[in-house]
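**Q** Compute the structure for the input listed below.
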Amino acid sequence: MVEEFWEIEEIRETLPPVGNPKAGLRKIGRDYARRMRRPEMLAIYRLIIAETQRFPDLGQRFHEKGKGPYLAHLNEYLEAETRAGTLSVGNIPNASRQFLATIAGQVFWSELIVPGCGGTDADAAKVVEEAVFIMLARYARK
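**A** Presented below is the predicted three-dimensional model:
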């Protein structure tokens, strides 16, 4: 069931155009927040958390199929912006994890535990804007 879910959830998006990291990060961040806030995503996470004790490899497969592609997508985008000279990111995998964690920590995890606590779609958009601001404050070329 989990494998079938991730096949449906596969990322099929192209990278945002390079040259405007604010717009690109905003798009990636909003897509990620929207994806993570979907009821079926919350349900699959609850299932994975509940079953990981019985199926220890489930967590690893979850990461490979669920978060891994999003991290790879963001890594590729940050690499492209760094090559273009708009960003200066020394540790791209770390920056990607931080960006997605900033978003998920506010719009997903609280919702997973207490439905309704993750805020509205407007709240999620504000969280993404703050995450983009943090990334640009840290990595934008001056």
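**Q** Okay, helices next: where are they in this structure?
**A** Per DSSP state H, the chain carries helices over the ranges 2-9, 21-37, 39-51, 57-62, 68-84, 92-107, 109-113, 121-139.
**Q** buried set for the fourth one?
**A** Put plainly, it is helix 57-62. Of all the residues in helix 57-62, those buried under the rule 16 or more other Cβ atoms under 10 Å are 58, 62. To be clear about C-beta, it is placed using only N, CA and C from the backbone, and glycine gets the same treatment.
**Q** State the mean pLDDT of that helix.
**A** For helix 57-62, mean pLDDT rounds to 78.
**Q** One more: the longest one?
**A** The predicted model assigns helix 121-139 a mean pLDDT of 96.
**Q** May I have it as PDB, with CA atoms only?
**A** The C-alpha coordinates for helix 121-139 follow below in PDB (Å, rounded to 0.1, in the frame of the first residue of the first chain):
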ATOM      1  CA  ASP A 121      -3.600  27.800   3.600                       C
ATOM      2  CA  ALA A 122      -2.900  31.500   4.100                       C
ATOM      3  CA  ASP A 123      -0.900  30.600   7.200                       C
ATOM      4  CA  ALA A 124       1.100  28.100   5.200                       C
ATOM      5  CA  ALA A 125       1.800  30.700   2.500                       C
ATOM      6  CA  LYS A 126       3.200  33.000   5.300                       C
ATOM      7  CA  VAL A 127       5.400  30.200   6.600                       C
ATOM      8  CA  VAL A 128       6.800  29.600   3.100                       C
ATOM      9  CA  GLU A 129       7.500  33.300   2.700                       C
ATOM     10  CA  GLU A 130       9.500  33.300   6.000                       C
ATOM     11  CA  ALA A 131      11.400  30.200   4.900                       C
ATOM     12  CA  VAL A 132      12.300  31.900   1.600                       C
ATOM     13  CA  PHE A 133      13.300  35.000   3.500                       C
ATOM     14  CA  ILE A 134      15.600  32.900   5.800                       C
ATOM     15  CA  MET A 135      17.200  31.200   2.800                       C
ATOM     16  CA  LEU A 136      17.800  34.400   0.900                       C
ATOM     17  CA  ALA A 137      19.200  36.100   4.000                       C
ATOM     18  CA  ARG A 138      21.700  33.300   4.400                       C
ATOM     19  CA  TYR A 139      22.600  32.300   0.900                       C
END
